[in-house]
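I'd like to go over a predicted model; first the sequence, then the structure.
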Amino acid sequence: MAARKGKRRARRSARGGLGQRVAVALATIVLVLCAASVTFSLFFQAPDGTRRQLTVAIRNGSGVPGIAADAEAALRRMEVRVVEVGNAERFDYEETVVIVRRRGAEADRLAERIGCGNVTVQVRKDAAADVELILGADYRSLRLGGDE
């Protein structure tokens, strides 16, 4: 009987203990998350050939208080650089819209990531951000990490 227990222990230690397997699993998860973070961050090629992070201005166009701040937190978790948060000029937007304000912006990629099918180009030289995100009444359907 003692010989059997000894053989079992030897087999278990040869395979690695539970702690070792948990450590390997956690290390794998961390590596995958790091790779995803690098892959999904939004950068674009500037006219001078350099790569820089996409900048976004968020506007609440739905009239529901607090959703622009919620969207800001979600975009920051996605490693998007939010430079302005505020209200839109009006509060009757039915659909969320992504507006390209500077040429070369990765607006389509951002729109795809958050689930917005409405992308418009309205370039403005005095724009504070590459992209303006105007949240409409459909904001709950966006993929911003909240109730989807």
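Nice, thanks for sending it over. A quick note: this is a predicted structure, and the numbers were derived from the prediction, not measured.

you'd agree residue 90 is up against residue 61?
Yes. The pair residue 90 and residue 61 qualifies as a contact (C-beta atoms under 8 Å) at a distance of 6.7 Å. Placement of C-beta: from N, CA and C, glycine included.

neighbour count: these two, which is higher?
Using other C-beta atoms under 10 Å as the criterion, residue 90 and residue 61 rank with residue 61 on top: 24 against 10.

quick one, what contacts that one?
Under the criterion of C-beta atoms under 8 Å, 6 or more residues apart in numbering, the contact partners of residue 61 comprise 87-88, 90-93, 96-97, 134-136.

just put these in TSV and tack on pLDDT, distance to residue 28 and secondary structure.
Conversion of these to TSV gives the following (pLDDT from 0 to 100; distance: C-beta to C-beta, whole Å; DSSP: H, G, I helix; E, B strand; the rest coil):
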residue	pLDDT	distance to residue 28	secondary structure
87	97	44	strand
88	97	43	coil
90	97	49	coil
91	97	46	coil
92	97	48	coil
93	97	43	coil
96	97	36	coil
97	97	39	strand
134	97	40	strand
135	98	36	strand
136	97	40	coil
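
what stretches of the protein score poorly on pLDDT?
The chain contains residues with pLDDT under 70 at 1-16, 32-51, 104-105, 146-148.

can we see that at 90?
Segments of the chain classed as low confidence (criterion: pLDDT under 90) are 1-54, 78-79, 102-109, 125, 144-148.

pull out the buried positions in stretch 58-67.
Applying a neighbour-count criterion of 16 or more other C-beta atoms under 10 Å, one finds 58-62, 67 buried in stretch 58-67.

cool, stretch 110-121 as well?
Buried residues in stretch 110-121, defined by neighbour count with 16+ other C-beta under 10 Å: 110-111, 113-114, 116.

and for stretch 84-100?
Of the residues in stretch 84-100, those buried under the neighbour-count criterion (16+ other C-beta under 10 Å) are 85, 87-88, 93, 95-100.

mind checking the end-to-end distance for that stretch?
Distance between the boundary residues of stretch 84-100 (C-alpha to C-alpha, to the nearest Å) amounts to 15 Å.
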